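Asker: model the following, please.
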Amino acid sequence: MSEIRPFRVTIDQSELDDLRDRLARTRWGSEIPGQGWSRGVPVAYLRDLATYWEREFDWRAAEARLNELPQFVTEVDGQTIHFAHVRSANPAAVPLLISHDWPGSFALYLPVVEALTADFHLVIVSNPGIAFSGPLTSAGWAAGRSAAAFNEIMSRLGYERYGTQGTGGGAAIAVEMGRQQPDRVIGVHVNGHITFPVGAPGEMDGLTEAEQGRLERLQQFRDDMMGFNAIQSTRPQTLAFGLHDSPAGQLAWIVEKYKEWTDPAAALPEDAVDRDLLLTNVSLYWFTGTAGSSANLYYEAAHDPTAWAPKEKSTVPVGVALGVTDITVRRFAERDNPVTHWTELPAGGNFLSAEQPKMFADDVRAFFTSL
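Answerer: Just a heads-up that it's a prediction; the model follows:
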């Protein structure tokens with residue numbers, strides 16, 4: 001089943017009507033007054049955003065924008081994989097596969113497509129289990145299996161040499177693609193990449209003030225923000241019942257991450273990422289029913305026996321772009337990869353392509369130009 005088939009986003013009107021009906025009938029719970037975002041998404045905020053989703057958000061306009069990208073599906077290792085394939089008019093363009101993070105989607109790269117296709121043939125994948133690459137049909141879709149599937153897609157497209165780019169969980173996949181195919185992957189660019197100290201002697205010596213700040217954010221991430229990970233990596237199927245049945249629940253589960261992981265200078269998630277783009281992203285999860293399978297990716301990562309096994313240092317050059325929320329320290333990144341490009345950006349968080357599209361595109365271009 002190696003056939004690549006054209007694909008268009010086409011959501012039936014009955015699905016739109018059902019979404020609006022469910023939003024209109026949401027049972028809004030209570031909350032302790034005066035807590036803000038400290039205990040999760042405030043009721044008043046989510047109610048206002050859900051009302052906009054129900055009454056004003058134009059899915060058909062979003063659908064048309066998505067369908068401006070040539071899209072395809074193919075089956076790899078028993079799983080349908082969806083991707084956009086946008087070829088450049090530049091004869092010297094570099095093929096570049098882009099892999100997103102949870103809770104993102106291929107839609108978050110709409111703001112950078114035009115800028116990047118000046119220099120790259122873009123292959124923007126939907127990660128297994130998410131949106132049109134879901135639901136999952138089998139267990140075991142950890143980073144290594146996804147990387148192998150994406151390398152296979154590049155082979156089917158006829159690309160023998162190419163670059164990879166990834167955000168967050170997509171960064172782990174992008175790095176693994178290079179480990180698996182070092183003779184084909186020319187370079188790996190990442191943002192939102194997480195690296196950890198391993199307790200080696202002297203690894204904390206001489207850290208700069210900025211690096212100490214990143215480690216403090218890493219500890220805060222572990223202490224305060226890992227509730228979602230604890231649930232998704234242990235009981236994804238139980239969580240799925242609520243998210244699959246309630247669009248308000250799905251919205252809250254995703255939008256909280258856009259509050260926590262975007263540039264802290266943004267007071268609200270839509271101050272960092274355009275509100276209609278944010279709702280396009282949430283709608284993709286809702287219409288495809290992939291709340292559960294996307295949560296299962298965390299279960300797979302937590303139960304992947306190779307995740308923490310020692311690995312040889314990769315031989316593929318890596319470029320790192322850091323937004324202001326990043327928690328990566330250079331010496332830890334260099335321990336695992338030959339880092340040849342390091343940029344500390346003045347703005348932007350985890351969803352860099354949507355928050356700061358020009359900075360994102362410029363840094364991707366600068367890294368691959370340096371190669």
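Asker: point out where the stretch 51-200 of the chain drops to low pLDDT.
Answerer: Of all residues in the stretch 51-200 of the chain, none has pLDDT under 70.
Asker: the residue nearest the centre of the chain: what's it in contact with?
Answerer: In the chain, the residue lying closest to the centroid (CA atoms, centre = their mean) is D101, at 1.6 Å. Contact partners of D101, counting by CB atoms under 8 Å, 6 or more residues apart in numbering, are G166, T167, G168, G169, G170, A171, G192, N350, F351. C-beta: built from backbone N, CA, C; applies to glycine.
Asker: how near is it to V320?
Answerer: From D101 across to V320, the span is 15 Å (CB to CB, to the nearest Å).
Asker: equivalent analysis for V282, please.
Answerer: 28 Å.
Asker: one step back: tell me the SS of the residue nearest to the centre of the chain?
Answerer: Under DSSP: H, G, I helix; E, B strand; the rest coil, the three-state class of D101 is coil.
Asker: any idea how far stretch 86-95 is from the chain center?
Answerer: 24 Å (CA atoms, centre = their mean, to the nearest Å).
Asker: buried ones in it?
Answerer: V86, S88, A93, V94, P95 (16 or more other CB atoms under 10 Å).
Asker: which members of those are the farthest-apart pair?
Answerer: Using CB to CB, these span at most 13.1 Å, a distance reached by V86 and V94.
Asker: mind listing the shared neighbours of the two?
Answerer: H121.
Asker: next, the contact list for L239, please.
Answerer: Neighbouring residues of L239 by CB under 8 Å, 6+ apart: I231, Q232, A291, G292, A295.
Asker: the nearest residue to the third one once chain neighbours are set aside: how many residues sit nearby?
Answerer: In this case it means A291. Using CB to CB, 6 or more residues apart in numbering and skipping residues adjacent in sequence, the residue nearest A291 is L243, 3.6 Å away. Neighbour count for L243, taken as other CB atoms under 10 Å: 24.
Asker: contacting residues around L243?
Answerer: The contact partners of L243, taken as CB under 8 Å, 6+ apart, are G249, Q250, W253, A291, G292, A295.
Asker: and F7, by the same measure?
Answerer: So F7 contacts Q71, F72, V73, H82, F132 (CB under 8 Å, 6+ apart).
Asker: my read: the third one touches F132, true?
Answerer: Yes - with contact defined as CB atoms under 8 Å, V73 counts as touching F132 (6.8 Å).
Asker: who has more neighbours out of these two?
Answerer: Using other CB under 10 Å as the criterion, V73 and F132 rank with F132 on top: 20 against 16.
Asker: helix, strand, or coil at the residue nearest to that one when sequence neighbours are not counted?
Answerer: With CB to CB, 6+ apart as the criterion, F132 has its nearest non-adjacent residue at 3.6 Å, and that residue is H82. Assigned by three-state DSSP, the conformation of H82 is strand.
Asker: surely H82 meets I124?
Answerer: No - H82 lies out of contact with I124 (CB under 8 Å); the separation is 9.6 Å.
Asker: helix or strand right after the helix or strand where A240 lies?
Answerer: A240 belongs to helix 236-245 when assigned by DSSP states H and E. Counting by DSSP H and E, the element after helix 236-245 in chain order, helix or strand, is helix 247-261.
Asker: compute the inter-axis angle for that following helix and helix 236-245.
Answerer: 110 degrees (axes from the mean of the first three to the mean of the last three CA atoms, to 10 degrees).
Asker: for helix 247-261, packing partners?
Answerer: Judged by 3 or more CB pairs under 8 Å, 6 or more residues apart in numbering; DSSP states H and E, helix 247-261 is in contact with helix 13-24, helix 43-55, helix 227-232, helix 236-245, helix 269-272, helix 275-288.
Asker: now the first one against helix 247-261, angle please.
Answerer: I take that to be helix 13-24. 80 degrees.
Asker: what do you get for the fourth one?
Answerer: Using the same axes, to 10 degrees, the interaxial angle of helix 236-245 with respect to helix 247-261 works out to 110 degrees.
Asker: go on, the longest one?
Answerer: Comparing the axes of helix 275-288 and helix 247-261 via the same axes, to 10 degrees yields an angle of 130 degrees.
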